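J.: next come a sequence and a model predicted from it.
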Amino acid sequence: MSTTSQPQPAEVETAKRKAPTEQTSSSSTPAMTFTTRSPPWTYLKLQLTHQPPVSQSTLNHPLDPLTARTYLSAALRQFLGLSGTAIAIDILKIDPPSGTNAKTIWIRVPEPDASAVVAALSSWVGGSEANGNGNVAWRVCAKGNFLQAIVNGSGAEIFVP
Amino acid sequence: MHEFEDDASRREKCFTSLGQLPPFVDPKQPPTKKAPFSAILAHPFIHTVEVTLPKEAYSTIQSSLESRLQKLRYARVFMSLSSLLETEFFNTYIKTGNILMISEGRSGSDSVFTLRDGILKLELSREIYERTGLTGKPIRSGGRKHAKERYVIELNLRLPSMLHGKKGFKRIEWAFQNVLNQSVAWLFFDLSSDTNGIADADQTLKGNNPQILPCEPTLTEHPQVLVPPLDTLKITPTGLNPSGAAAATTTTTKTITDQEELRDQCTEISDWLAMVSLSSPRVTATDDIDPYLSRYSVPDADEAQATDLVSLRWRGLIPAKWIVGLVVHLLRETAAGGSAASSAWFALSANALAREAVEARDGYSLLVLPALTVPLGDPGQETVGKEAIVAARRSGRHFVSWEFVGASVVV
């Protein structure tokens, strides 16, 4: 009886000393679980919208990465000044690469800057009025710290006949 | 740097588990309690399932996937809540049958209804809730500012008291005829074992004129994708030796840094898998974007190998049971066979409907590593010794699973 009760306090001790990593291990298969709360990046799905008056050729003109980057920088500069332009933005994908007027881009920004970026983009209206075209604006479609959670959308379109 | 309070970001979480699958998974009785199967069963309403795997592996399992995997179809139907209670539909599908239904709308702002295991769940705003006269409970709002209080009513329609003519049931009928009386778009799936989603005998769902939609996978090819080394995600039994305090104290410092590294690696691999399903040009070997536009790089890029990948995507209302079947099927088909080529990794990701307004479950993803490892620097050699195959069959395959909570998706 005494021999079996002896090692038990030691067991408790080791369990206490462990860092709170929520680590569990069963007897046969090793396993590990943990929770990630603040990963380094935040992912955003953005849509570029044209405001009238707008010519058909502008609508059909594909969005290239450099123009997208310019529009993003302009929005950040307007809202946050010089420090806004210093926010690192990675353009992950431009969708579709050519053709239609639904211009969607996927970017990632450092997680601590994400809410500033969202605020800057959603309050910005810019573009070239000089050559007779209307303004452009960004619309934030999705925001998430894990790209897999947002990559396939909300699924709302399968309800629509 | 910019001190904006971001409430939504603080609520976002990812639960990761690493481990080993059992060596044999019975297709008739797959495990339910352990990861990754517990994650699959915790998401009853899924709108997209995507499987990614090397093209080489897909070509060997393609025919069996097409022939042996259960075909799926679901229905889109406009119904009011009171037509759920009409005798014929009620008795066939709710009392004796087992169906999955979910209504259109955004949780947190619209009235949203779900039906699962005979339990009808109504999520309502306070005004509508009070008008129904039914008993419910408030939904946890997570202390969000400016969010209106919302209520959920759960009705177990399979209870013996839920019969036409009973007093409590009359109250539900009254609420459905007078308060919640608008028709809404629903998705419908019949879980009975032999129906593939819609019973052949009842294509009209008891006169409700549904639109029956087949759920066929679409194939996307991702040529020349840089695949990072995945073997580092295997956790070995030696790393987690639970024997005695002495051993634990000497290895603590080492394992903690290892664990930190492993955690970061898991997040990176998860994001990489998402980049592949996005078909981002950033993960291809031929990408030459300027660092001014993107500085994304594949994790462990110097060790990554360019491989042709394919992904299969199902869209529609997909029940958890079918996804378990898909995983079991993929496990069997990509298991250690006669050659190293037939043992491959695969990844499956699923995104959920019915996201709650606070801390919604967004979906999950699963990566299963190959049973056999091809010796490095010898990729041409496809035959592996018999002992290695037997050993691989005996020990389970390593996996990583991620569950995502709380992202904000608008479109």
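T.: Received the coordinates, thanks.
J.: tally of neighbours for B:P299?
T.: Here the count is done by other Cβ atoms under 10 Å in any protein chain shown, and B:P299 has 18 residues near it. From N, CA and C alone the C-beta is placed, and that goes for glycine too.
J.: for the spatially most central residue of chain B, what are its contacts?
T.: Nearest residue to the geometric centre of chain B (Cα atoms, centre = their mean): B:A350, 3.3 Å. Counting by Cβ atoms under 8 Å, 6 or more residues apart in numbering or on different chains, B:A350 touches B:40, B:43, B:46, B:48-50, B:318, B:323, B:363-365.
J.: what's the burial count for the closest residue to chain A within the stretch 1-150 of chain B?
T.: When distances are taken as Cβ to the nearest Cβ, the stretch 1-150 of chain B reaches nearest to chain A at B:H47, 3.0 Å away. Neighbour count of B:H47, defined by other Cβ under 10 Å: 25.
J.: which other helices and strands contact the helix or strand containing it?
T.: Element membership for B:H47 (DSSP states H and E) is strand B:46-54. Applying 3 or more Cβ pairs under 8 Å, 6 or more residues apart in numbering or on different chains; DSSP states H and E, one finds that strand B:46-54 contacts helix B:245-277, strand B:305-318, helix B:320-333, strand B:346-352.
J.: go through these and find the least confident stretch.
T.: Comparing mean pLDDT over those, the weakest stretch is helix B:245-277, at a mean of 74.
J.: in a helix, A:V118, correct?
T.: Yes: judged by DSSP: H, G, I helix; E, B strand; the rest coil, A:V118 forms part of a helix.
J.: centre-most residue in chain A?
T.: Short answer for chain A (Cα atoms, centre = their mean): A:Y43, at 1.3 Å.
J.: does chain B sit close to the helix or strand hosting that residue?
T.: According to DSSP H and E, A:Y43 maps onto strand A:41-50. Yes: using Cβ under 8 Å from any Cβ of the partner chain, strand A:41-50 reaches chain B at A:41-43, A:45, A:47.
J.: which among these end up buried?
T.: By neighbour count, with 16 or more other Cβ atoms under 10 Å in any protein chain shown, the residues of strand A:41-50 next to chain B hold A:41-43, A:45, A:47 as buried.
J.: what residues are bridge-paired with the residue nearest to the centre of chain B?
T.: B:V49, B:Y364 (DSSP bridges).
J.: the strand or helix carrying B:T220: which residues count as buried?
T.: Assessed by DSSP H and E, B:T220 sits inside strand B:218-227. By 16+ other Cβ under 10 Å, the buried positions in strand B:218-227 come out as B:222, B:225-227.
J.: tell me the one of those nearest chain A?
T.: B:H222 (12.5 Å).
J.: all helices for the stretch 101-250 of chain B, in order.
T.: B:126-132, B:167-178, B:245-277 (DSSP state H, counting those that start in this stretch).
J.: how does chain B divide up, domain by domain?
T.: Domain assignment for chain B by automatic domain parsing gives B:7-70+B:217-405, B:81-182.
J.: with distance to B:Q211 as extra columns, can I get these in JSON lines?
T.: Output for the domains of chain B, formatted as JSON lines (distance: least, Cβ to Cβ, whole Å):
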{"stretch": "domain B:7-70+B:217-405", "distance to B:Q211": "12"}
{"stretch": "domain B:81-182", "distance to B:Q211": "14"}
